[in-house]
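# Please work out how this folds:
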Amino acid sequence: PPRAPEAAVDYECYTATDRGDYHGRVNTTRGGHACEAWPTTFAPYAGHNFCRRPALVNVNCAWCFTNVATRAWECCRLPPPSAECAARVDERDVP
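Alright, predicted model coming up:
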């Protein structure tokens, strides 16, 4: 099926309690730190600085790298997951 136009897709919508299907645009941590760009070792996230939960990392939150010396990475503050998002989540193909 064709991808929905970007304006029609709610990228902040996700369903998984571990935030594994989060593909929104939040790019600050719970502590208010700016997210750094993902390194190439975390493909397909490399090149942007949005919070994500890579499948192979055993952390139960969407997170990102920071430039804070004492905190290399930190979880991000996201709204709660929603069952109403299930149909819309499948329409996205944004890493």
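# where do the helices sit along this structure?
Assigned by DSSP state H, the chain shows helices spanning 86-89.
# burial measure for the closest residue in space to G20 that isn't next to it in sequence, as a count.
Nearest non-adjacent residue to G20, counting by CB to CB, 6 or more residues apart in numbering: R53, 4.9 Å away. The C-beta positions use only the backbone N, C-alpha and C, and glycine is treated the same way. When neighbours are counted by other CB atoms under 10 Å, R53 registers 20.
# My read is that R53 contacts G24, right?
No: when contacts are counted by CB atoms under 8 Å, R53 is not listed as touching G24 (11.6 Å).
# re the thing from before, mind checking how far the residue nearest to G20 is from R19?
Using CB to CB, to the nearest Å, we find R53 at a distance of 5 Å from R19.
# Overlap in contacts, the two.
Shared contacts of R53 and R19, defined by CB atoms under 8 Å, 6 or more residues apart in numbering, are found at N60, C61, A62.
# Which one (most neighbours) among these?
Neighbour max across the shared contacts of R53 and R19 (other CB under 10 Å) = A62, 25 neighbours.
# so it touches R53, yeah?
Yes: the pair A62 / R53 is scored as a contact, 4.7 Å apart, by CB under 8 Å.
# list the residues that contact both of these two?
Common neighbours of A62 and R53 (CB under 8 Å, 6+ apart) are R19, Y22.
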